[in-house]
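Chemist: got a predicted model here, sequence first, then my questions.
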Amino acid sequence: MTGTASGSSSAGVGGVDRVRPAADTSAVLGIPESEFTPRVRDAIMKLMTEVDALRQELGRTRKRLEELETEADQDPLLPIFNRRAFVREMSRIMSFAERYGMPASLLYFDLDEFKGINDAHGHAAGDAVLKHVARLLSENIRESDIVGRLGGDEFGVILAKADEAAAMQKADVLADLIRSAPAEWDGKRLSISCTHGASTLKPGDNADHAMERADRAMYERKRRSASSR
C-alpha cells in the first residue's frame, strides 16, 4: 500500500488554508478602523480570533480523520492494505477495467511452512518474515498495482492492465524473489518459499469470485508440488 499526499506550502494543516493574523479589521471588512468605536473594534477582533481558532480546529479534525482512514485500511502489523480495504480496491479496479475494456488480474501468495518458522523461532520471527515479504511485494510492483494481506500468511496483489499471461509471469517473478531473499532476524537468515496462483478479473465478476479462483489456483499448484516430491 503506497502513495503520498502533499499539499501546497501555503496550505494549513489538513488542507485548510492558513488564516492571516486577526490584526487588521479594515483589511477584512473594508471599513476604516476610525469608523469603529473601541467596543465594536474589540468585538470584531474577538470574533476574528474565534474564527481563526475554529479553522485551526477544523484542520486538526480533518488531519485526524485522514489518520483514522489510514488506520482503518492498513493491516495492523504491516504497512499494506488489510483484507477489507484490498477487496474494496479490487472492486474499484474491476469497475474501471470493465468500463474501459482493460485487463486486470489478481495474484495470490501463500507462504510455505510459515507455521514452522513460528514454532522454531517464535512469533517475533514470524512477524519479521511477514514484514519482509510485504516490503518485497510493495517495492516490486507498479504504483498502479495494489498489495494487501489477506489473512495469516496470505498476500494478494492486484495488477492493473495485466492479462493472464502477464499476471502469471509477474507472479513467478515475485515468487522467485521471495524465495531468493531470506528475511533477516536476530542475526539469522530465515529462508522463505511460497505458492502462488493467479486469476484474471473478468467483466461482470465480483471480488469474492475472483479471490476464490485465485485461491483455488494457488492450492492446485500447492497440491501438484506436494505430489511431485
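Modeler: Sure, I can see it.

Chemist: use CA for all of it now, contacts and neighbours both
Modeler: Will do.

Chemist: quick one: low-confidence ranges for the chain?
Modeler: Scanning the chain for pLDDT under 70 picks out the ranges 1-35, 66-71, 229.

Chemist: neighbours of D186, how many?
Modeler: Burial of D186, expressed as a neighbour count using other CA atoms under 10 Å, amounts to 10.

Chemist: how near is A134 to F96?
Modeler: Using CA to CA, to the nearest Å, we find A134 at a distance of 25 Å from F96.

Chemist: packing partners for the host helix or strand of R55?
Modeler: Assigned by DSSP states H and E, R55 falls within helix 38-73. Contacts defined by 3 or more CA pairs under 8 Å, 6 or more residues apart in numbering; DSSP states H and E place helix 38-73 against helix 25-29.

Chemist: returning to that earlier point: ok, A134 and F96, which is more surrounded?
Modeler: Neighbours per residue, other CA under 10 Å: of A134 and F96, the larger number sits with A134, 20 against 15.

Chemist: got the buried residues for the strand or helix carrying the more buried one?
Modeler: Following DSSP H and E, one finds A134 within helix 123-139. Of the residues in helix 123-139, those with enough neighbours to count as buried (16 or more other CA atoms under 10 Å) are 125-135, 137-138.

Chemist: just the helices in this protein please.
Modeler: 25-29, 38-73, 83-100, 114-121, 123-139, 164-180, 207-227 (DSSP state H).

Chemist: of all the residues in the second one, which ones are buried?
Modeler: Read it as helix 38-73. Applying 16+ other CA under 10 Å to helix 38-73 flags 41, 44-45, 48-49, 52, 55-56, 58-60, 62-63, 73 as buried.

Chemist: ok, now the third one?
Modeler: Neighbour-count burial for helix 83-100, counted by 16+ other CA under 10 Å, picks out 83-87, 89-91, 93-95, 97-98.

Chemist: quick one: the helix holding R55 to chain centroid distance?
Modeler: 29 Å (CA atoms, centre = their mean, to the nearest Å).

Chemist: tell me what angle that helix forms with helix 83-100.
Modeler: Angle, helix 38-73 to helix 83-100, by axes from the mean of the first three to the mean of the last three CA atoms, to 10 degrees: 90 degrees.

Chemist: so the helix holding A134 versus helix 114-121, what angle?
Modeler: If you take the same axes, to 10 degrees, helix 123-139 sits at 140 degrees to helix 114-121.

Chemist: counting contacts, what elements does helix 123-139 pack onto?
Modeler: Short answer (3+ CA pairs under 8 Å, 6+ apart): helix 123-139 packs on helix 114-121, strand 146-151, helix 164-180, strand 183-185.

Chemist: domain map for the chain?
Modeler: Following the assignment in automatic domain parsing, the chain carries domains at 20-73, 83-227.

Chemist: for V87, give its distance to A125.
Modeler: From V87 to A125 the distance is 28 Å (CA to CA).

Chemist: who's in contact with stretch 202-217?
Modeler: The contact list for stretch 202-217 (CA atoms under 8 Å, 6 or more residues apart in numbering) reads 87, 90-91, 94, 97-98, 106-108, 196-201.

Chemist: pull the most distant pair out of the residues you listed.
Modeler: Farthest-apart pair in the contacts of stretch 202-217 is E98 and H196; separation 24.9 Å (CA to CA).
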